[in-house]
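J.: Sequence plus the predicted model coming up.
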Amino acid sequence: MSTTVELSGVRKAYTGPRDRSVQKVFDGLDLSVGPGELVAVVGASGTGKTTLLHMVAGLESPDGGRVSVGGGASPERLGVVFQQPRLLDWLPVRANVEIALRSAGMDEGLADAALADVGLAEYADTYPSVLSGGQRQRVAVARAFSVDPAVVLLDEPFSALDELTGRRLRLLLQDLWVRTPRVGLLVTHSPAEAVLLADRVVLLAGRPATVVREYRVDVPRPRSPEDPALFDLHRRIVADLL
Ligand SMILES: Nc1ncnc2c1ncn2[C@@H]1O[C@H](COP(=O)(O)OP(=O)(O)OP(=O)(O)O)[C@@H](O)[C@H]1O
């Protein structure tokens, strides 16, 4: 069976730190990501995008409903990229990737190929602290993809980077996706990033939040950020977000 991510009837609430009031972030959220599909989640700040991703990653538990990742008999391998690279600065770049491979029970020798895939082959013995922000995020991408993940979760992966570096990293991610499509969820504040990378964009809104709109991106890959078809869709999403 092919891998999918399914959320059905998901409920999640937080209790306020001061007045103990209950804030319902989700109260019956449904969302599914099909085999080989990359879905981008956009929505206003505080709608619950990161909470959604954390529940899929197993970092948060839903209060009710079902979050399922998989389809196969065994647990699926996850690759996660956060806004910050979260590297271990006291270990060389190669060792940062080897740790992910070891945790997945895979051959650590695959680290060099993963670093080559992100253009960092000659930085394997370097320490993360001397790398640029973009290079550090490339290491984070290499670490996530090194384990050949069935599911990739991306939480604002390029929003801390300057515009040109972010653009290069988006195109790198697209290259990795063209090579091996996976099940993916991308949380982003950038509608331009969403339409460049995703097969489908979902707009979360409301409190509790639900998927209020969906946009299919029927543009074949590899895509160019300058493609007018993407820009039209981008404009529609921005109008709906405002
Ligand atoms: N651990 C927590 N404890 C209490 N409230 C939380 C917690 N995590 C998130 N929240 C609240 O849940 C709501 C959704 O937060 P979340 O970070 O998922 O939103 P978001 O859409 O990712 O926001 P942003 O776009 O600003 O990153 C927010 O109101 C937030 O304050």
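T.: Now that the structure is in, tell me what you want to look at. Computed from a prediction, not measured in an experiment: that's the story for all the values here.
J.: Not including adjacent chain positions, what is the nearest residue to the residue positioned nearest the centre of the chain?
T.: Note on the chain: the residue nearest the mean C-alpha position is Leu154, at 1.4 Å, using C-alpha atoms, centre = their mean. Among residues not flanking Leu154 along the chain, Leu186 sits closest, at 4.4 Å (C-beta to C-beta, 6 or more residues apart in numbering). Every C-beta, even on glycine, is put in place using the N, C-alpha and C of the backbone.
J.: Residues in a beta bridge with the one you found, which ones?
T.: Taking DSSP bridges as the rule, Leu186 bridges to Ala40, Leu154.
J.: how far away is it from the ligand?
T.: 12 Å (C-beta to the nearest ligand atom, to the nearest Å).
J.: list the contacts for that residue?
T.: 38-41, 154, 157, 193-194, 197-198 (C-beta atoms under 8 Å, 6 or more residues apart in numbering).
J.: Only whichever of those are buried, select them in PyMOL.
T.: The buried residues among those can be selected in PyMOL (16 or more other C-beta atoms under 10 Å) with this line:
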select buried, resi 38+39+40+41+154+157+193+194+197+198
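J.: ok, so of the contacts of Leu186, who is nearest the ligand?
T.: Checking the contacts of Leu186 against the ligand with C-beta to the nearest ligand atom, the nearest one is Val41 at 8.4 Å.
J.: I'd say the closest one and His189 touch.
T.: No: with contact defined as C-beta atoms under 8 Å, Val41 and His189 do not form a contacting pair (10.4 Å).
J.: And Leu110, what's its pLDDT?
T.: The model reports Leu110 with a pLDDT of 98.
J.: Could you look up the SS state of it?
T.: Counting by DSSP: H, G, I helix; E, B strand; the rest coil, the backbone at Leu110 sits in helix.
J.: Go ahead and confirm the residue nearest to the centre of the chain touches Ser190.
T.: No: here Leu154 lies out of contact with Ser190, judged by C-beta under 8 Å, at a distance of 11.8 Å.
J.: Alright, I will stop here.
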